[in-house]
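In: model the structure of this input:
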Amino acid sequence: MRSIHLDCSSGVSGDMLLASLSHALEELRGPGSGYAFLEQEVARLGLDGFGLEWSEKIVGGIRTFHVEVLQKREQPLRTLSDLLEIIEKSGMTGRASERAGHALRLLGEAEAKVHGMPLNAVHFHEIGAVDTIADIVGVMVLLDALEAHSVTCSPVDLGSGFVDCSHGRLPVPAPACAELSRGLITFGSECGMERATPTGLAILRTIVEACGPQPLGEVKSVGYGSGSRSSDEQPTFVRAFVLETVEVPLSNCEGAYA
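Out: Okay, the predicted model is just below:
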């Protein structure tokens with residue numbers, strides 16, 4: 001069986017996950033295949049005024065990949081119901097559809113809780129732009145394409161310092177990120193910046209079954225995904241390890257009973 005381990009030791013975001021999994025798929029299928037698949041699947045959302053741009057980015061001397069969602073025209077503010085309707089109309093079904101809806105609901109519930117308002121009154125602001133739904137849907141269809149039976153992740157770096165958003169200057173992790181980090185194993189590095197975004201954390205909360213060291217398995221591919229804030233000064237990226245389960249015979253284990 002195939003599994004995926006996500007190394008989020010330098011942070012996590014929606015675009016980091018999207019790029020790392022696209023790169024991992026490309027390593028298995030051949031040059032250009034990861035991005036071509038992603039573009040085809042995201043186009044099914046039927047949203048006007050956006051596109052994807054795939055690029056290479058050297059971060060701390062490491063070759064990574066980056067997927068940017070380009071908004072070509074102003075997008076309306078959207079509620080959770082609006083985003084779920086987009087997924088329903090796209091024709092996406094099965095596990096990818098369920099996971100995408102769950103991640104979006106987690107985002108909405110976190111915002112509703114920290115701002116003290118009903119879920120149906122939440123307009124997604126920064127997290128409701130078209131790139132959020134593209135990131136979430138893209139990750140879920142890529143996991144299906146990679147035939148991932150299970151997903152694990154490392155402890156997640158939340159960062160430190162302060163972040164500026166529509167509600168002002170907030171300490172890291174910002175309230176929505178703090179809420180979305182529930183259930184994950186996290187830490188805060190002395191980097192002086194936000195290392196985990198709400199979208200990235202909502203995706204992890206949806207797909208990850210366990211946090212900890214990389215599990216036993218044969219590495220089939222490794223995808224490197226950087227984000228918009230990744231730089232030599234802040235070398236952040238997600239690594240996606242695609243693993244095949246390996247059974248170790250008892251005869252290979254010292255002291256094993258025959």
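In: roughly how far is the helix or strand hosting Tyr35 from the heart of the chain?
Out: Assigning secondary structure by DSSP states H and E places Tyr35 in helix 33-43. Taking C-alpha atoms, centre = their mean, to the nearest Å, one finds helix 33-43 lying 16 Å from the centre of the chain it belongs to.
In: swap in stretch 18-38?
Out: 15 Å.
In: name the SS class of Ala134, please.
Out: At Ala134 the chain is in helix, as set by DSSP: H, G, I helix; E, B strand; the rest coil.
In: just give the closest residue to it, not the sequence neighbours.
Out: Excluding the flanking residues, the one nearest Ala134 by C-beta to C-beta, 6 or more residues apart in numbering is Val69, at 4.8 Å. Quick note: C-beta positions are derived from backbone N, CA and C, even for glycine.
In: mind listing what's buried in the host helix or strand of the one you found?
Out: Assessed by DSSP H and E, Val69 sits inside strand 62-71. Across strand 62-71, burial judged by 16 or more other C-beta atoms under 10 Å covers Thr64, Phe65, His66, Val67, Glu68, Val69.
In: which strands and helices sit next to the very next helix or strand once past that strand?
Out: Next helix or strand after strand 62-71 toward the C-terminus (DSSP H and E): helix 80-89. In terms of contacts (3 or more C-beta pairs under 8 Å, 6 or more residues apart in numbering; DSSP states H and E), helix 80-89 is packed against helix 94-115, helix 130-145.
In: so of those, which one's packed in deepest?
Out: Across the helices and strands packed on helix 80-89, averaging neighbours per residue (mean count of other C-beta atoms under 10 Å) puts helix 130-145 on top, at a mean of 25.
In: ok, and for whichever helix or strand comes after that one, which residues are buried?
Out: Counting by DSSP H and E, the next helix or strand C-terminal to helix 130-145 is strand 150-153. Using 16+ other C-beta under 10 Å as the burial criterion, the residues of strand 150-153 that qualify are Ser150, Val151, Thr152, Cys153.
In: OK, contacts around the third one?
Out: Read that as Thr152. Ser3, Ile4, His5, Leu6, Val208, Glu209, Ala210, Cys211, Gly212, Gln214, Pro215 (C-beta atoms under 8 Å, 6 or more residues apart in numbering).
In: for the stretch 101-250 of the chain, just list every one of the helices.
Out: Per DSSP state H, counting those that start in this stretch, the stretch 101-250 of the chain carries helices over the ranges 130-145, 175-180, 198-207.
In: next, the angle strand 62-71 makes with the helix holding Tyr35.
Out: 20 degrees (axes from the mean of the first three to the mean of the last three C-alpha atoms, to 10 degrees).
In: hey, C-alpha coordinates of stretch 91-99 in CSV?
Out: Extracted C-alpha coordinates of stretch 91-99, given in CSV (Å, rounded to 0.1, in the frame of the first residue of the first chain):
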residue,chain,number,x,y,z
GLY,A,91,-19.0,17.2,-10.4
MET,A,92,-16.2,16.2,-8.0
THR,A,93,-17.2,13.1,-6.1
GLY,A,94,-15.9,10.6,-3.6
ARG,A,95,-13.2,11.1,-1.1
ALA,A,96,-11.7,14.2,-2.7
SER,A,97,-15.1,16.0,-2.5
GLU,A,98,-15.7,15.0,1.1
ARG,A,99,-12.2,16.0,2.2
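In: which residues sit against that stretch?
Out: Contacts of stretch 91-99 with the rest of the structure, by C-beta under 8 Å, 6+ apart, involve Arg44, Ile87, Glu88, Ala100, Val137, Met140, Val141, Leu143, Asp144, Thr206, Ile207.
In: repeat that for 7 Å
Out: Arg44, Ile87, Met140, Val141, Asp144, Thr206, Ile207 (C-beta atoms under 7 Å, 6 or more residues apart in numbering).
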